[in-house]
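In: Sequence and predicted structure, then a few things I'm wondering about:
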Amino acid sequence: MLAIDANHLHKSFGPVTAVDDVSIAIPPGSIFGFLGPNGAGKTTTIRMITGVLIPDHGSVQVLGTDVLRYPLEAKLKMGVIPENGTVYSDLTALQNILLIAKFYGMDKRSREARAEEILAMLELRERRNDMVRTFSKGMRQRISIACAIVHAPPVLILDEPTTGLDVHSRRLVIETVRLMNRHGSTILLTTHNIEEANELCSVISIINRGRIVANGSPEKLKATFDTSRYIEISFEQVVERTIFTHPDINRVESWGDKWRVYSQNLDTLVKYLADLAREQDLTIISIATSSPSLEEAFVQLTGEE
Ligand SMILES: Nc1ncnc2c1ncn2[C@@H]1O[C@H](COP(=O)(O)OP(=O)(O)OP(=O)(O)O)[C@@H](O)[C@H]1O
Ligand SMILES: [Mg+2]
């Protein structure tokens, strides 16, 4: 059974098609990243998955429960951190967590134990009795996360959990996500930070203008963009561009005392260059392969600069 199984989701707002035939299948135990530029449709998709917004078409199941038909049952299986956190400003940090724990029907003792555990995890212990109103953005976001994980949900959904946070708060959020995952929660998070997706996620989907444009592991997505890969090589001897003649070579550029030789097939290219040097009696001073970045893949797929 999939943790999240969303099929053919569509949502329009008047003339704007926000989400256009989006399907997402997330196996239990994974950290799934939903990546896309501003306005791509990430939040709209998340809101349909979490039962906040009714899709025009399509279906969503969370751990086998149909979100449209059984929203309450489905919501009990999820912890959600929405784009704009929903914490109570006029309650303290501790009161916020205890209140949500009560909503989930936890008994008093486990509510208190869990609240302490989470406050420690998110480094909010010293501020536990302060009104959330007095908190910084990073601290508010941590409270929002605390409330979402209080019942140890099997599925945790986070909409841009680290946007606008400093390095320290960001680290805490990421560590908490990892910890929840290690303890068995399946994670769905959205981000436009490619490095974050690369660092955290086992699988990502890239969405652009309401449509999914690519799927796969970060490494696989990077590899899809092999056309921009090259080998940088320099020889002791001066050589002409024309010595590089292999049919797999797309392009050759001169970079200072080095050559950048572009090809889809780096393996063939390395072997060819070694043979070439041997045949022509050239001494190789340096040779290196480029690794395409996920950012490159993202830029190509979304046409964003
Ligand atoms: N309630 C709404 N009414 C009208 N249009 C909406 C509504 N919600 C979203 N949209 C539109 O749907 C599109 C997708 O928006 P969405 O918030 O899903 O994007 P996003 O990928 O989450 O972007 P961001 O990275 O900026 O959060 C946008 O064009 C947005 O203006
Ligand atoms: Mg959004």
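Out: Here it is on my side, so go on. Numbering: from 1, shown residues only. Ligands and ions are numbered 1, 2, ... in the order given.
In: pLDDT weak spots in the protein?
Out: Under the criterion pLDDT under 70, the flagged ranges of the chain are 225-228, 292-293, 304-305.
In: ok, 50 please
Out: For the chain, residues meeting the criterion pLDDT under 50 lie at 305.
In: So which residues of it form helices?
Out: Here the chain has its helices, by DSSP state H, at 42-49, 71-76, 93-103, 108-121, 137-149, 167-182, 194-200, 218-224, 266-279, 294-302.
In: Take these and lay them out in CSV including mean neighbour count and distance to residue 59.
Out: Yep, even glycine has a C-beta here, placed from its N, CA and C like the rest. CSV is the format used below for the helices of the chain (neighbours: other Cβ atoms under 10 Å; distance: least, Cβ to Cβ, whole Å):
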stretch, mean neighbour count, distance to residue 59
helix 42-49, 24, 10
helix 71-76, 16, 12
helix 93-103, 20, 26
helix 108-121, 16, 33
helix 137-149, 23, 24
helix 167-182, 16, 26
helix 194-200, 19, 26
helix 218-224, 17, 27
helix 266-279, 15, 42
helix 294-302, 18, 26
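In: Ok, which of those helices comes nearest ligand 1?
Out: Nearest of those to ligand 1, taken as Cβ to the nearest ligand atom: helix 42-49 at 3.2 Å.
In: Leaving out chain neighbours, which residue sits closest to the residue of the stretch 101-250 of the chain found nearest ligand 1?
Out: Across the stretch 101-250 of the chain, the shortest distance to ligand 1 (Cβ to the nearest ligand atom) belongs to residue 192, at 5.5 Å. Among residues not flanking residue 192 along the chain, residue 37 sits closest, at 5.9 Å (Cβ to Cβ, 6 or more residues apart in numbering).
In: Repeat that for residue 233.
Out: Residue 233 sits nearest to residue 287 (Cβ to Cβ, 6+ apart), 4.7 Å away.
In: Let me see the contact set for that neighbour.
Out: Counting by Cβ atoms under 8 Å, 6 or more residues apart in numbering, residue 287 makes contact with 231-234, 270, 273.
In: How much space separates it from residue 231?
Out: For residue 287, the distance to residue 231 equals 6 Å [Cβ to Cβ, to the nearest Å].
In: got it, and residue 222?
Out: Separation of residue 222 from residue 231 (Cβ to Cβ): 17 Å.
In: And the residue of the stretch 1-150 of the chain closest to ligand 2?
Out: residue 43 (3.1 Å; Cβ to the ion).
In: what's the spacing between that residue and residue 192?
Out: 11 Å.
In: excluding its backbone neighbours, what's nearest residue 3?
Out: Residue 3 sits nearest to residue 186 (Cβ to Cβ, 6+ apart), 3.7 Å away.
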